[in-house]
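[1] I would like the atomic coordinates for the input below:
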Amino acid sequence: MSTRLNKPGKWLRTELPVTRFSREWFMQSLRTAAWVAVITVLVWVYADIHFTDKEYITAILHFHTNSDSKVVLLSESRIPITFRIKGNRYYMDRFINRLAGVNSILEFDVAGAKEYKPGQKYQERTANLMSKLAAFRGSGLEIISARPARIDIHMDNTLLVPDVQVEFKYSGAVLAEDPRIEPARIELRLPASLRQKIDPKKITLMTRTVDLSGKAAGKTETVKVVVLPPSNLNHVKLKPRKVTVTFKVGQQTDSRKFTVTVAVQSPKAWLMDGTGSKYELQTPPPENWTRQITVAGNRIDLDKLSAENIQAYIVLTDNDLKPVKSWWPGKVKVRFPEGLKVSLAEPAPEDLMYRLVKRGEAPAPPGS
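    Numbers count the residues shown, from 1 in each chain. Model prediction:
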């Protein structure tokens, strides 16, 4: 260290240069290196905290086959998932905001993924499958884990059934004339695996029920109505999904409630061979043999209707003769007098629980 005169009356203190490779030079270098290391660590810690993160996210994985109408998805189409992602905080926030904008639904077109073939079943790791989604491509995010761990994928080719008849389903009125449906016949595509189980010629499609109770009589109206798939067939596609119906209301209908007694119909052979006399029909408490039904029709025909001329019944078969410990659900059928334009309003009567027991056997305990 030395001093020298800088200005009149002012002395300037200066550091003498440290000799290279001296003890003091080495100590000074170590101090500088230590500070650089500390600052570097702090910078990386700050970057890791503020720019890299991990987070759990929940969403719905929606599978579809929109890119190919000739295939259909047989496995589950909407699967709730929980997954953990890692990445830059900026990209992560951007992904979360975009996901919220689509109601947390992640779309996946299975038909567009060439590795999945119709007729084959796959069990795919969820994390691998999600990495193929458009939402993750180029996102800069890494999928660490996902639940459920694996997802089943199963597609099938479709069978085209052309010219399937459509019927207009309505309530609350009687039509003055047959409705006009355009188109009256549409295309139906169903899984090829169902071909042996159905007769395509016997399929009839119904529209969604339209309430006509507020429609004026004698006025012609036109509505667009959704066509419903057959209730006994799953994974079907309809084209078009809607039809145009033109109709004219003749008169309004009404509905009334009736309490009817449920009868029993058994095979005629049981009367010939004495089977009916060998068995006793039991019902579990508090089951009873009456049902309340709602009947719809025009007011004139409803006035002619009574509980006594309505037939409600269950049908027994030889299958009921098998010894069982549980109760059978018997579907209650309803038949109205001929000539009356009335029908059973929804819902249908509740099933009647019963079973046949050979006479002389101990009665079933309550609730068995």
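[2] any idea where the strands of the stretch 151-300 of the chain begin and end?
    Applying DSSP state E, counting those that start in this stretch to the stretch 151-300 of the chain gives strands spanning 170-171, 173-175, 180-182, 185-191, 204-207, 210-211, 220-228, 237-239, 242-252, 254-265, 279-282, 290-297.
[3] Dump these to a markdown table, plus mean neighbour count and distance to residue 305.
    For the C-beta atoms, the positions are set from N, CA and C on the backbone; glycine is no exception. Output for these, formatted as a markdown table (neighbours: other Cβ atoms under 10 Å; distance: least, Cβ to Cβ, whole Å):
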| stretch | mean neighbour count | distance to residue 305 |
| --- | --- | --- |
| strand 170-171 | 19 | 17 |
| strand 173-175 | 18 | 15 |
| strand 180-182 | 15 | 30 |
| strand 185-191 | 20 | 36 |
| strand 204-207 | 16 | 25 |
| strand 210-211 | 14 | 22 |
| strand 220-228 | 14 | 29 |
| strand 237-239 | 16 | 37 |
| strand 242-252 | 17 | 16 |
| strand 254-265 | 15 | 7 |
| strand 279-282 | 16 | 28 |
| strand 290-297 | 17 | 6 |
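[4] With respect to residue 343, which of the ones you listed lies nearest?
    Evaluated over the strands of the stretch 151-300 of the chain, closeness to residue 343 peaks at strand 290-297, with 5.7 Å, by Cβ to Cβ.
[5] quick one: strands adjacent to that closest one?
    According to DSSP bridges, strand 290-297 forms sheet pairs with strand 254-265 (antiparallel), strand 342-344 (antiparallel).
[6] Figure out which of those strands is closest to residue 239.
    strand 342-344 (30.3 Å).
[7] averaged over its residues, what pLDDT does the helix or strand following the closest one have?
    Using DSSP states H and E, the helix or strand that follows strand 342-344 in sequence is strand 352-358. Confidence over strand 352-358 (mean pLDDT, whole number) is 89.
[8] I'd like a version of the strands of the stretch 151-300 of the chain in TSV, one that adds mean pLDDT as further columns.
    Below are the strands of the stretch 151-300 of the chain laid out as TSV (pLDDT from 0 to 100):
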stretch	mean pLDDT
strand 170-171	86
strand 173-175	84
strand 180-182	97
strand 185-191	93
strand 204-207	93
strand 210-211	91
strand 220-228	95
strand 237-239	92
strand 242-252	92
strand 254-265	92
strand 279-282	88
strand 290-297	91
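[9] how close does residue 182 get to residue 168?
    Applying Cβ to Cβ, to the nearest Å, the value for residue 182 to residue 168 is 11 Å.
[10] Correction: the previous question concerned residue 262.
    Applying Cβ to Cβ to residue 262 and residue 168 gives a distance of 32 Å.
[11] Over to residue 263?
    Distance, residue 263 to residue 168, using Cβ to Cβ: 33 Å.
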